[in-house]
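Asker: Test case, fold it:
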Amino acid sequence: MEPEGSASFNLMAAFRERRRTDVPLLDHLILSLPGVTMYLEQGGRVRVGGEALVLSSTAQLMHGVELSKDQTGVTAKFPSSNMTLFFDGNSAHVTGLPEAVEGLCGSPSNSSWTTTPTAEKSSISLPGCEIQYQDSVDSAINCNRSTDHCNLMRQPPFSACHEHTDPEPYISACTHTLCRYPSVDGVDCHFLEAYAKACSLEANVTLEDWTSTSGCSPPPLCQQPCSDHEFCGAEIWSSSRCFCRAGFASKYRATKSLGEPPVCRQGSATVTLAGCLLADKGIDFSTLHLKDPSCKGHMDPQSHLVTFSFDSSNTCGTEVMKNGSQTVYENSIVSSNRSSGGVITRQDQLKIDFSCFYKQPEVKSVSFTIRDSSVVQHIVSGEWNYTLTMKAFSDAGLLQNVGPTTEIKLNQKVWLQLEAGGLDANMVAMVTDSCWATNQASPDDSLRYDLIINGCPNPADDTVQMQGNGQGTSSVFSFNMFEFSGGSSEIYLHCKLELCPTQGQACTPSCGGAARRRRRSAKYADGNAALITMGWRN
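Answerer: Numbers count the residues shown, from 1 in each chain. So this is what the prediction gives:
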């Protein structure tokens, strides 16, 4: 809306969805003045140049406009023109216009000129605002009852205002909206409140007891600022809070979820829930925590998203377990049982299980000759990934890689380092379960010589030694070089590896006699192991 043939001001109304995507309702106003733009938003907030103003019932003069706020809404007065703008978050009223205006209400000089939301789309409109949505029919909406409710504006005490303000536009808008929109969030009372306010502003007539006659309560001004994906609505007991907009909530309600799936990163996990979805379920986010009650969720003051997280420094009760071919990190978001007497509760009890996992690497063989010095496997699982490496060295300090010109002679000692890069050593250890040699690339070849058995050196070969097995994410073993009888020039070394959760158990193999035999059956009964292979030629 703007003065006809003038640029002294421009008032734009922004409409957005609330409960339904196909019924846009007034959301905020944009007042453009020479050199400045003011935003009148939900909850009585006013922004100028990106800065939120602190307003009270005492008017403040800013850029030629007197701004004030009380429990009913925000008022903007223009002393130079005697124009007044009032916005309560649901309806806008402009009184005292000094000149003819044009815009969404039409043109005073051209009665045939009308506009549509598509035509009014501008550079400040939200993307996709011109899309026409069609939600499913709400069986709870009773159009006849809504029409009767809207027709209350034809009866006393509203009739006292008929000679000053025509009720028909209000009745028409009320009926059109409530025949498509549920009678929640106080919407059924917004039109009656708008008509009563218009009568008060335009004719200085106060309608007595209209709230009791219509069954409406005075709409509270939403004191809590709502985020962009929320709107301010009234609960059935007349208090106000932020509700989820239909477009935002649709993807979560379709899957019956309360937020996003877990985000798994290296050594940490995060779950984010929507505060408005929790509130819809009657759940107070402050009662929620992970398995460790001290690990509570944090609500972002702007977005109202609630985040729960754990990492290696604070596991928050995370349980680590083996499940088939996966090492799973599992936790839960649960609600505390809070009530005044301790016997009952009037809040929904919540339990959301979530997990992240390391996937055991699939069997993979890589040919290795004297021209290479290492075999590398890269394992990716969701957002977590790690790398298995097998390297050969010719010295105990692991400084001399077996490289392109290295000659390994029979009975010369060789050191093999097995390392898992990217694992969290505080929560999981790598165990070299077994290593053996064959003269063929297949690890299942019938001709086989064992070097590591059940995590321990082969007692029949005293040249085999092992260091650090199960104590972290790397281990080293050594043996004296050999060849298979019969003159075979190729030797393939295969190692099976396990990921062992360190929580509540020791992962270091017990080597020696019966202890070694017991360890295999107790710790790795599932038998899910990774295989990495190196090969070389004499």
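Asker: all helices for the stretch 151-300 of the chain, in order.
Answerer: Assigned by DSSP state H, counting those that start in this stretch, the helices in the stretch 151-300 of the chain fall at 168-178, 187-203, 210-214, 246-254, 275-280.
Asker: For the third one, which helices and strands make contact with it?
Answerer: With contacts taken as 3 or more CB pairs under 8 Å, 6 or more residues apart in numbering; DSSP states H and E, helix 210-214 sits against helix 187-203. C-betas here are computed from N, CA, C, even on glycine.
Asker: Now do the helix it packs on: everything it contacts.
Answerer: 18, 25, 84, 86, 88, 90-91, 93, 95, 146, 149-150, 152-153, 158, 160-161, 164-165, 167, 170-171, 173-174, 177-178, 181, 205-207, 210, 214, 216-219 (CB atoms under 8 Å, 6 or more residues apart in numbering).
Asker: Mind doing that once more with 7 Å?
Answerer: Contact with helix 187-203 is made by 84, 86, 90-91, 93, 95, 149-150, 152-153, 158, 161, 164-165, 167, 170, 173-174, 177-178, 181, 205-207, 210, 214, 216, 219, as judged by CB atoms under 7 Å, 6 or more residues apart in numbering.
Asker: ok, back up a step: the helices of the stretch 151-300 of the chain into JSON lines, with extra columns for mean neighbour count?
Answerer: Shown next, in JSON lines, are the helices of the stretch 151-300 of the chain (neighbours: other CB atoms under 10 Å):
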{"stretch": "helix 168-178", "mean neighbour count": "17"}
{"stretch": "helix 187-203", "mean neighbour count": "21"}
{"stretch": "helix 210-214", "mean neighbour count": "16"}
{"stretch": "helix 246-254", "mean neighbour count": "14"}
{"stretch": "helix 275-280", "mean neighbour count": "20"}
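Asker: between the ones you listed, which gets nearest to Val48?
Answerer: Counting by CB to CB, Val48 lies closest to helix 187-203 out of the helices of the stretch 151-300 of the chain; the figure is 23.7 Å.
Asker: Just the angle for the closest one relative to helix 168-178, thanks.
Answerer: Angle between the axes of helix 187-203 and helix 168-178 is 160 degrees (criterion: axes from the mean of the first three to the mean of the last three CA atoms, to 10 degrees).
Asker: centre of the chain versus helix 187-203, how much separation?
Answerer: Its chain's average C-alpha position is 39 Å from that of helix 187-203, according to CA atoms, centre = their mean, to the nearest Å.
Asker: Then stretch 490-509?
Answerer: Mean-position distance between stretch 490-509 and its chain equals 36 Å (CA atoms, centre = their mean).
Asker: can you put the helices of the stretch 151-300 of the chain in TSV and add distance to Ser474 and mean pLDDT?
Answerer: Shown next, in TSV, are the helices of the stretch 151-300 of the chain (distance: least, CB to CB, whole Å; pLDDT from 0 to 100):
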stretch	distance to Ser474	mean pLDDT
helix 168-178	67	95
helix 187-203	64	90
helix 210-214	74	88
helix 246-254	43	93
helix 275-280	44	94
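Asker: Could you point out which of these sits nearest Trp415?
Answerer: Of the helices of the stretch 151-300 of the chain, the one closest to Trp415 (CB to CB) turns out to be helix 246-254, at 54.0 Å.
Asker: In strands, which of the contacts of helix 187-203 fall?
Answerer: Residues of those located in strands (DSSP state E): 84, 86, 93, 95.
Asker: could you flag which of these are buried?
Answerer: 84, 86, 93 (16 or more other CB atoms under 10 Å).
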